[in-house]
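1. how would this look folded up:
(chains A, B and C)
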Amino acid sequence: MCLPAAAATQSNDGESMTLASHYSYWMTILLMITGLYIVVARGNLIKKLIGLGIFQTSVYLIYIAPGKLIGGTAPIVAEGFKIYSNPLPHVLILTAIVVGVATLALGLALVVRIYEEYGSIEEDTILEVERRDEADQEKAGDRS
Amino acid sequence: MRDFFVLRVIAKLLIPFMLLFALYVEFHGDFGPGGGFQAGVMVAAAIIFYALIFGLPAARMLVPDALVESLIALGVLLYAGVGVAGMLLGGNFLDYFVLMSDPVAGQHRGIFLVELGVLITVSSVMLKIFYVFAGRGRDAIE
Amino acid sequence: MALLVLAMVVQHNLFSVVVLFGIYSFLMATVLVALDAVDVAMTEAAVGAGISTVLFLAALYLTRGDETRPLHRTWSALLVSVGVGGALVYGTLGLPAFSDPAAPIHTHVVPRYIHEGPKETGVPNVVTAVLASYRGFDTLGETTVVFTAGIGVIALLRRRRRKEGDR
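-> The predicted structure follows:
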């Protein structure tokens, strides 16, 4: 739980760049590169999708965090509140989450189909099967 | 799952409230947090919960596949239909001001209908995705 | 949260990775509440911790993949990630500080949404007003994307598995 703590302790000192003022960006980037690392370094397709999910949540944060105003409240207009956090990124990310889960389901469907075709969800095994098939086809082509 | 008495009773108690809360989130979304996307996911989650506890065939009997598939299209059509209705009544596409005599009331009604369309599409797509995944496992066993 | 993510990197058992991902989504929802994005937090809690966990478990069951192999291409991957991260951190140096009221994000269309939105649409929740009314086209597009993804999943998985002899 890094970000709320950061939000609570930060001072609103405007111009000068401090560790606190950009902490939220850096945490987001940490999450982002972890997701990227999982996607690149892991051969398992489901693990890759989880990495993409982490990457995606970091994008949510990079949109939402700049919209927060300290002392502000959620953007539901009511009597007695003057400062509201920025509603626009909320709208964009709200739809992005639902679209994200729909595309995630599409990705998982593709993984299931790949498993049925190749018998594995490991990248290198799939490539091996692919290479073997190609070699078989070449052999068949030579014969004909 | 069918043998867990406690789970069955709790599920029966909880599911009506889950659906009710989804409807509250949908229709109170103008005044508090909420809206079509959240409510759609909640409706789907309630029915998926039912399917997990009572088995997929029971859920498929409750909400048949054909109904879910037609609802997927109906939601998008409702959304686009609101836009076309605005055009027919003399405004632009998705122009809510002309839906009723009072512009603000027209806006309110337009938002209401659009959110309903979103609710229908999102919930039925999520439910259909779950059915397809779960049904595939069943085919594999047979 | 960062610890949880690191645990997900090193964990080999896919089932526990999926469970960790559910917990991570829930923590993310609490972070979003702290950032005043209540609508988004609600969606993230329902979608990330609920539906996507169920979908991941279903896919795990269908593919019977319990264990992942150890990491490969570790060093090049680490190099790429750290390089991208370093470039991004360098990019943040030019960004406005957290919660700076003078930042561009707070000065353009948003004041109009907040001040005029409730009057023009009669809806006090600005997020709903912007979502369904001001940016109705966007939302129509998003709904169509969800629709298309649903159709794609149906097309990929609906047919029964072919018999081995049919290939």
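2. where does chain A dip in pLDDT?
-> A:1-21, A:79-80, A:143-144 (pLDDT under 70).
3. next SSE after the strand or helix carrying B:L13?
-> In the assignment (DSSP states H and E), B:L13 maps to helix B:5-27. Using DSSP H and E, the helix or strand that follows helix B:5-27 in sequence is helix B:36-54.
4. is chain C within reach of the following helix or strand past that following helix?
-> Once the chain leaves helix B:36-54, the next helix or strand it forms, by DSSP H and E, is helix B:56-62. No. Judged by CB under 8 Å from any CB of the partner chain, helix B:56-62 stays clear of chain C, getting no closer than 11.0 Å. Backbone N, C-alpha and C define where each C-beta goes, glycine included.
5. okay, domains of chain C per the record?
-> Segmentation of chain C into domains, based on automatic domain parsing, reads C:1-68, C:103-159.
6. got a markdown table for those domains, with distance to chain B and mean neighbour count too?
-> As requested, the domains of chain C are exported to a markdown table (distance: least, CB to the nearest CB, whole Å; neighbours: other CB atoms under 10 Å in any protein chain shown):
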| stretch | distance to chain B | mean neighbour count |
| --- | --- | --- |
| domain C:1-68 | 4 | 20 |
| domain C:103-159 | 4 | 19 |
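7. A:A140 is nearest to which of those?
-> domain C:103-159 (27.7 Å; CB to CB).
8. before we move on, the earlier item: and the angle from the helix holding B:L13 to helix B:36-54?
-> 170 degrees (axes from the mean of the first three to the mean of the last three CA atoms, to 10 degrees).
9. helix B:5-27: which residues count as buried?
-> By neighbour count on 16 or more other CB atoms under 10 Å in any protein chain shown, the buried set for helix B:5-27 is B:A11, B:I15, B:M18, B:L19, B:A22, B:V25, B:E26, B:F27.
10. look up how far A:V101 lies from C:T139.
-> 16 Å (CB to CB, to the nearest Å).
11. so where is chain C shaky, pLDDT-wise?
-> In chain C (pLDDT under 70), the answer is C:1-12, C:65-73, C:99-101, C:159-167.
12. helices of that one, residue ranges please.
-> C:2-10, C:14-34, C:38-46, C:52-63, C:74-92, C:104-107, C:110-121, C:126-129, C:136-157 (DSSP state H).
13. centre-most residue in chain A?
-> A:Q56 (1.7 Å; CA atoms, centre = their mean).
14. in terms of contact, does that residue touch A:G100 like I think?
-> Yes. Counting by CB atoms under 8 Å, A:G100 is a contact partner of A:Q56 at 5.4 Å.
15. follow-up on the earlier one: out of the domains of chain C, which is closest to C:G86?
-> domain C:1-68 (17.5 Å).
16. if we take the buried residues of helix B:5-27, which one ends up nearest to chain C?
-> When the buried residues of helix B:5-27 are compared for distance to chain C (CB to the nearest CB), B:V25 wins out at 7.4 Å.
17. could you find the closest non-adjacent residue to the closest one?
-> Spatial nearest neighbour of B:V25, excluding adjacent residues (CB to CB, 6 or more residues apart in numbering or on different chains): B:G34 at 3.8 Å.
18. for B:G40, same thing?
-> In space, B:G40 is closest to B:V122, 3.0 Å off (CB to CB, 6+ apart).
19. for the one you found, list the residues it contacts.
-> Shown in contact with B:V122 (CB atoms under 8 Å, 6 or more residues apart in numbering or on different chains): A:V98, B:G36, B:F37, B:G40, B:V41, B:A44, B:G75, C:T143, C:V146.
20. which of those residues lies closest to B:H108?
-> B:G36 (14.7 Å).
21. tell me which element the residue nearest to the centre of chain A is part of?
-> Counting by DSSP H and E, A:Q56 is found in helix A:45-64.
22. give me the helices and strands touching that helix, please.
-> helix A:23-41, helix A:87-118, helix C:2-10, helix C:14-34, helix C:38-46, helix C:52-63 (3 or more CB pairs under 8 Å, 6 or more residues apart in numbering or on different chains; DSSP states H and E).
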